[in-house]
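Visitor: model the following, please.
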Amino acid sequence: MSGPSDNGPADNAAENKAPADKTKDADAPGIHPAEPPDNFYRTVYRRLVAMMMVLAVAGLPMIWIRYSAGVTLSFLVGAVIAIVNFHWLRRTIEAMGDQIVSTGTTPSRSGVVLRFMLRYFLIAVAGYVILNSSANNLYGLFVGLSLPVGAIFMEAAYETYKALRAGF
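Guide: Below is the predicted model:
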């Protein structure tokens with residue numbers, strides 16, 4: 001009678017074979033190891049800020065040619081406020097998260113509200129100064145303040161492209 005290992009070393013090698021390497025599946029379309037969330041968020045934040053800057057730099061000459069120097073300056077002021085506001089918002093959220101994780105308590109509501117009110121006060125002052133010079137210049141401010149919206153649309157298109165390319 002022949003047993004399971006009667007064929008000699010060939011069968012023993014098959015029985016002692018290591019399990020299949022799972023890393024090959026990671027190269028298959030649609031199957032990718034998850035990126036750590038901190039790295040993903042940092043990368044997205046950097047891309048968003050870069051896209052806002054690209055939109056601002058690309059928009060300046062187009063606005064200058066099509067409209068006046070006042071509208072262009074208002075756009076630049078709005079772009080700077082939008083980028084700074086985006087940075088402050090990120091810092092506020094990170095600080096709140098760190099405080100909740102480290103102490104288990106939520107930050108004071110008055111401090112959070114004060115920071116948000118400071119942002120809106122800055123926008124209101126810029127709007128008031130620009131509106132006093134010309135109502136048309138206010139459009140440039142609003143377009144500059146809208147840079148995060150354009151950057152978010154661009155990021156959404158990029159992430160959609162990546163997902164489709166990966167086979168989702």
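Visitor: tell me the spacing between Gln101 and Leu55.
Guide: You called it Gln, but residue 101 is Val. 34 Å (C-beta to C-beta, to the nearest Å). To be clear about C-beta, it is placed using only N, CA and C from the backbone, and glycine gets the same treatment.
Visitor: please read the previous query as pertaining to Ser146.
Guide: 9 Å.
Visitor: and these two? Which one has more around it.
Guide: A count of neighbours by other C-beta atoms under 10 Å puts Leu55 above the other of Ser146 and Leu55, at 21 against 15.
Visitor: pull out the buried residues from the strand or helix carrying that one.
Guide: Using DSSP states H and E, Leu55 falls within helix 37-66. Going by neighbour count (16 or more other C-beta atoms under 10 Å), the buried part of helix 37-66 is Leu48, Val49, Met51, Met52, Leu55, Ala56, Gly59, Leu60, Ile63.
Visitor: may I see the buried residues of the longest helix seen in the chain?
Guide: Secondary structure of the chain per DSSP state H: the longest helix is helix 69-103. By 16+ other C-beta under 10 Å, the buried positions in helix 69-103 come out as 71-79, 81-83, 85-86, 92.
Visitor: closest one to Ile123 out of the residues you listed, please.
Guide: Ile123 has its nearest neighbour among the buried residues of helix 69-103 in Ile81, at 6.1 Å by C-beta to C-beta.
Visitor: so the closest one is in contact with Gly127, correct?
Guide: No: counting by C-beta atoms under 8 Å, Ile81 sits too far from Gly127 to count as a contact (9.8 Å).
Visitor: thank you kindly, that will do.
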